[in-house]
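Trainee: build me a model from this:
(one chain, ligands or ions: 2)
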Amino acid sequence: MSALFFWRSTSFLLVSTLLQSTVIRALQVIGGNMTVVHGGTTILPCKLIDTTEPITQISWRKEPQNDNFFTILPPNEAKFVNGRDDRFEFIGNFGDNNGSLRLSNVKLTDEATFTCIFTLFPSGNVHTAIPLNLLVPPFTSVKDNFPTLGNEEVSLGTCIAAGSKPPAKVQWLTGTLGDKVRATIHFTQHANGTTTTVSSLFGVPTREINGHMVTCVITGAAMSKEERLPFTIQILFSPIEVDIHTRSEDSFECVAEAKPEADFTWSRSNKTLLQSAVRVEGATLRFLSMTSDLNGLYQCEASNPYGRKRSYIYVYVNSARCTACWILFSLLLILIALGVGALWYSYTSGKFPRTGEVTRGKRLKVPTSSSPEPQGTEEEAREL
Ligand SMILES: *[C@@H]1O[C@H](CO)[C@@H](O)[C@H](O)[C@H]1NC(C)=O
Ligand SMILES: *[C@@H]1O[C@H](CO)[C@@H](O)[C@H](O)[C@H]1NC(C)=O
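Mentor: Ligands and ions are numbered 1, 2, ... in the order given. A predicted model of the protein is given here:
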């Protein structure tokens with residue numbers, strides 16, 4: 001009975017001594033909890049303090065493997081076990097009981113708990129666990145879904161934070177649009193531990209919300225600062241309100257509201273546009289000469305991938321607007337004026353015989369005449 005009790009208490013003492021020594025020894029190795037951004041460099045710290053026992057080896061393990069992947073022997077002989085990985089570098093010092101490693105170009109697969117083990121003589125192994133946490137910043141983008149004008153709610157745009165660890169937060173700032181739009185959020189987990197966050201902005205694609213500026217805001221532990229992606233809501237629609245404006249006496253411009261912008265085609269009903277008479281420069285139709293054969297109905301068609309619409313103009317060139325006619329008319333007037341002037345001069349200066357004199361001359365030969373004489377008579381008179 002008493003022997004059994006003795007055994008029990010001894011075993012209790014033994015267990016508690018073991019626990020205590022483990023606790024004390026674990027505290028002697030200083031490690032850390034490290035967090036690093038994907039692609040970056042980190043230190044895996046490991047230092048043994050408060051020991052007088054000689055150290056025979058420092059070794060490193062990575063969970064879940066239970067084998068060493070790296071060992072350091074005195075004086076400072078570091079070597080890889082089961083293959084090199086030059087991203088690991090021993091930066092400690094055996095003599096200082098410092099087994100720290102530096103790991104550069106950190107990959108997602110490096111995320112694990114590393115264990116640093118000091119082998120003491122005669123006590124055996126003491127170790128510490130160093131968790132390595134990885135952060136992966138997302139690839140951010142905002143995508144236009146190119147909605148067309150309609151009455152049904154559709155996705156207007158999508159904001160994406162791809163491959164983030166931990167998952168990124170994606171929000172939309174919609175300003176004055178208020179409840180005309182709403183956002184949905186969707187997470188996709190990848191096998192490598194990253195998450196893609198997709199947020200779509202939904203709304204009824206009206207002309208009212210067209211052109212509104214909104215912002216997608218992406219935040220996350222893996223990002224040094226929030227990212228703001230501006231987005232303009234663009235509703236696509238076929239040409240509407242096609243107007244023809246008179247730009248000058250001889251040119252007309254076609255104007256239409258459309259998204260994307262309309263292309264314009266000018267044509268003439270029932271006739272072809274004469275290349276020699278008109279110039280079409282984008283939306284503008286210009287007449288090279290204003291002649292009445294250009295008179296007629298002209299059509300402007302505005303089109304984009306979503307539809308087309310036409311507008312018409314009737315062109316009428318009246319004589320007052322005919323420059324060539326004006327020149328001819330003016331010349332005619334000058335000629336007439338000159339002719340009348342010359343006639344008047346001749347008449348008043350006597351160089352041209354007066355009608356009465358002609359009659360008189362005729363009378364000399366034909367005394368009976370008092371009535372208007374025929375043409376031949378006049379010639380006769382001149383001969384005199
Ligand atoms: C280590 O740090 C990370 C991130 O700061 C934290 O989430 C984790 O709980 C910590 N782990 C330990 C074992 O302290
Ligand atoms: C994780 O996986 C996703 C999906 O396969 C991939 O797009 C991404 O590049 C990966 N991330 C890293 C850091 O390897």
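
Trainee: how many neighbouring residues does whichever residue of the stretch 201-350 of the chain sits closest to ligand 1 have?
Mentor: Using C-beta to the nearest ligand atom, residue 221 is the residue of the stretch 201-350 of the chain that sits closest to ligand 1, at 8.3 Å. Backbone N, C-alpha and C define where each C-beta goes, glycine included. By the measure other C-beta atoms under 10 Å, the count of residues near residue 221 is 14.

Trainee: swap in residue 139?
Mentor: 12.

Trainee: before we move on, what about residue 53?
Mentor: Count around residue 53 with other C-beta under 10 Å applied: 13.

Trainee: quick one: it from residue 98, how far?
Mentor: Relative to residue 98, residue 53 is positioned 16 Å away (C-beta to C-beta, to the nearest Å).

Trainee: got it, and residue 258?
Mentor: 71 Å.

Trainee: these two: who's more crowded?
Mentor: Relative neighbour count places residue 258 above the other of residue 258 and residue 98, with 22 against 18, counting by other C-beta under 10 Å.

Trainee: find the nearest non-adjacent residue to that one, please.
Mentor: residue 239 (4.0 Å; C-beta to C-beta, 6 or more residues apart in numbering).

Trainee: which secondary structure element is home to that neighbour?
Mentor: Assigned by DSSP states H and E, residue 239 belongs to strand 237-248.

Trainee: which elements pack onto that strand?
Mentor: strand 251-259, strand 296-304, strand 307-315 (3 or more C-beta pairs under 8 Å, 6 or more residues apart in numbering; DSSP states H and E).

Trainee: angle of the following helix or strand past the first one against strand 296-304?
Mentor: Helices and strands here follow DSSP H and E; after strand 251-259, the next one along the chain is strand 263-268. Counting by axes from the mean of the first three to the mean of the last three C-alpha atoms, to 10 degrees, strand 263-268 lies at 160 degrees to strand 296-304.

Trainee: need the helices for the chain, in chain order.
Mentor: Assigned by DSSP state H, the chain shows helices spanning 2-28, 323-349, 355-365, 375-383.

Trainee: up against ligand 2, what does this protein have?
Mentor: Near ligand 2, the residues belonging to the chain are 38, 108, 136, 163, 190, 192, 194 when assessed by C-beta under 6 Å from any ligand atom.

Trainee: pLDDT value on residue 229, please?
Mentor: pLDDT for residue 229: 97.

Trainee: residue 39: neighbouring residues, count only.
Mentor: For residue 39, using other C-beta under 10 Å, the count is 12.

Trainee: pLDDT wise, what is it at?
Mentor: 96.
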